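> Sequence and predicted structure are below.
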Amino acid sequence: MMLLETKKLSRRFGGLTAVDGVDFSLPEGQVHALIGPNGAGKSTFVGMVSGRIRASEGEVWFDGKNVTPLPAHKRIRCGMAYTFQITAIYARLTLFDNVALALGSRNEEEVQAVLERVGLTDRVDQIAGTLSYGHQRLLEIAMGVAQNPRLLILDEPTQGLAESEIEGFKKLIDRLKADTTILLIEHNMDVVMSLADAITVLETGRVLASGAPEQIQTDPRVQDAYLGT
Ligand code: ADP
Ligand code: MG
């Protein structure tokens, strides 16, 4: 069964159709990468999936249920977690307090277990705002993971990361994919090719191509429009 499906999902902003009738499906257990040039509609699409952006038309189905009418907080309760393109951590609080807020529990073992999953256990008492940019992004993912989601949506998680941090990020996703389905918006093709089970290419709001990484990589339309090869 599909964990996530969208049916003819569209969003208009005034005269601009940012997402245009997208049919998409994501089976449980996969890492699915959403790629495409800037302005293709990727963030708008996942915004509609998570419920932060209202659809103009079409439907979002999650775990066999039509969640289109549900606001974002109710979709979180259904098992969706979303990390923003902009860091959304509490900069003045410790890592412990940040994760405790996301968990809704101050149980030390639970907080440590979440930090362990992203490799930040040794910084539990550090003030989040004093972390490096890369570590702040990991904390952000930790806060999504704390909700123990069935679907984790990451919007450009490697943006602004150093090469060494990107390697750490790839290992993190490898660990997380064992028990979480992941929808990943990503520009770095090396990251996409090493992590994704399937890829969807968006262009001007429409699906240009969708399939296995090998298929996408060799698709002439994708190469013309996006990969620049
Ligand atoms: P991507 O994430 O692929 O770069 P976006 O989903 O952010 O693309 O944007 C798709 C298109 O919709 C762009 O042309 C963008 O300018 C436009 N857009 C996005 N959000 C809004 C908004 N709130 N109001 C008006 N236009 C928007
Ligand atoms: Mg975007």
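Yep, that arrived. Ligands and ions are numbered 1, 2, ... in the order given.
> Give me the pLDDT value at residue 85.
Confidence at residue 85, expressed as pLDDT, is 49.
> Ok, residue 134 next?
In this prediction, residue 134 carries a pLDDT score of 89.
> Surely it and residue 159 touch.
No: the pair formed by residue 134 and residue 159 falls short of the contact definition of Cβ atoms under 8 Å, at 10.7 Å. C-beta: built from backbone N, CA, C; applies to glycine.
> And those two? Which one has more around it.
In this comparison of residue 134 against residue 159, neighbours counted by other Cβ atoms under 10 Å, the higher total goes to residue 134 at 17 against 13.
> Look up the closest residue to the more buried one, ignoring the ones flanking it.
In this structure, residue 134 finds its nearest non-sequential neighbour in residue 165, 3.7 Å apart by Cβ to Cβ, 6 or more residues apart in numbering.
> what's the burial count for that neighbour?
Other residues close to residue 165 by other Cβ under 10 Å number 17.
> ok, and it, which helix or strand is that part of?
Taking DSSP states H and E as the definition, residue 165 sits inside helix 163-176.
> now for that helix, which elements pack on it?
In this structure, helix 163-176 packs against helix 108-118, helix 133-145, strand 181-185, helix 189-195, with contacts taken as 3 or more Cβ pairs under 8 Å, 6 or more residues apart in numbering; DSSP states H and E.
> For it, give me every contacting residue.
Contacts with helix 163-176, where a contact means Cβ atoms under 8 Å, 6 or more residues apart in numbering, come from 31, 117-119, 134, 137-138, 141, 145, 152, 157-158, 161, 182, 184, 188, 190-191, 194-195.
> For residue 103, see how far away residue 20 is.
38 Å (Cβ to Cβ, to the nearest Å).
> swap in residue 185?
Using Cβ to Cβ, one gets 25 Å for the distance from residue 185 to residue 103.
> So between these two, which is more surrounded?
Using other Cβ under 10 Å, the more surrounded residue of residue 185 and residue 103 is residue 185, with 22 against 19.
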